[in-house]
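Q: Okay, here's the prediction I keep looking at, along with the sequence it came from:
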Amino acid sequence: MGTWLSGLRAAVWAGALIIMIAPAVSAEPYELTESEVMDLAQFNATDVSLFGIKLGDSEAKVKDNLIKIKIPGVRVDVQDVYVMLFDKRTPSNAMAGIRLMDGKVDYIFITQRFAHLATGVFRLLLRGEGIDEARKLLGKEEFAEDQTTFTKLSYKGGAMVILFFGRDITVEFNTGV
């Protein structure tokens, strides 16, 4: 009985260790409309998904997940290499979108019009007051470019970029620069 109990105890410790280490080894996908992640270190740009579409996904998956299905309150338009998502309530400008190059997704973006659908840190960022608030939420950027008409903050080696055009905010995810 004592050997069996020792074996069970070792198995429980091993299982607990695996459960604690697993999130650090493989990051979970961050769905912009569902995940409540608040720390930038908890995901990579390649883990970010927009309605199930991630960087590197095929054109066929984009057709199945974005173009063919109906997302409540969202109008989908295909414009050349872009698949643009518009809020049906105020369809003046795109609230999000992806770009397809060579049959794969290489770029995802969201704007402040997407804030009502976003969760976690990106909801706060898109509803924020500007650059200083973005830095409080995300930390110091790796690279900043300040022009007359816009400010660009780069994170994660350029794979995530925050653009400020006056009061307009755009968050871009790409495979890196």
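A: Great, that's in hand.

Q: can you list the weak-confidence ranges in this structure?
A: 1-28, 177 (pLDDT under 70).

Q: cutoff 90 now
A: For the chain, the stretches with pLDDT under 90 are 1-30, 35-47, 65-73, 88-93, 128-130, 132-133, 146-150, 156-158, 166-167, 175-177.

Q: And the helices in it, which stretches?
A: Remark: helices assigned in the chain by DSSP state H are 2-25, 59-62, 120-126, 131-138.

Q: Output the contacting helices and strands for the last one.
A: If you count contacts as 3 or more C-beta pairs under 8 Å, 6 or more residues apart in numbering; DSSP states H and E, helix 131-138 packs onto helix 120-126, strand 151-155, strand 160-165. All C-beta atoms are positioned from the backbone trio N, CA, C, and that covers glycine.

Q: so who does the residue nearest to Leu124 when sequence neighbours are not counted touch?
A: Excluding the flanking residues, the one nearest Leu124 by C-beta to C-beta, 6 or more residues apart in numbering is Leu137, at 5.7 Å. Applying C-beta atoms under 8 Å, 6 or more residues apart in numbering, we find Leu137 in contact with Val121, Leu124, Leu125, Gly128.

Q: what's the neighbour count on the nearest residue to the first one once chain neighbours are set aside?
A: Ranked by C-beta to C-beta, 6+ apart and with sequence neighbours excluded, the top spatial neighbour of Val121 is Met38, at 5.1 Å. Counted by other C-beta atoms under 10 Å, the residues lying close to Met38 total 13.

Q: pretty sure Met38 is in contact with Arg123, am I right?
A: No - contact status for Met38 versus Arg123: not in contact, 9.9 Å apart, counting by C-beta atoms under 8 Å.

Q: The residue nearest the centre of the chain pairs with what?
A: Nearest to the geometric centre of the chain sits Val48, at 3.5 Å (C-alpha atoms, centre = their mean). When bridges are called by DSSP bridges, Val48 pairs up with Tyr30.

Q: what's near enough to touch it?
A: Pro29, Tyr30, Leu32, Lys54, Leu55, Ile108, Phe173.

Q: Quick check: it vs Gln147, distance?
A: In this view, Val48 and Gln147 are 26 Å apart by C-beta to C-beta, to the nearest Å.

Q: repeat for Gln112
A: Taking C-beta to C-beta, one finds Gln112 at 19 Å from Gln147.

Q: Comparing the two, which residue is more hemmed in?
A: Gln112 (18 against 8).

Q: Correct me if wrong: the more buried one contacts Val171.
A: No - using C-beta under 8 Å, Gln112 is not in contact with Val171; the gap is 9.2 Å.
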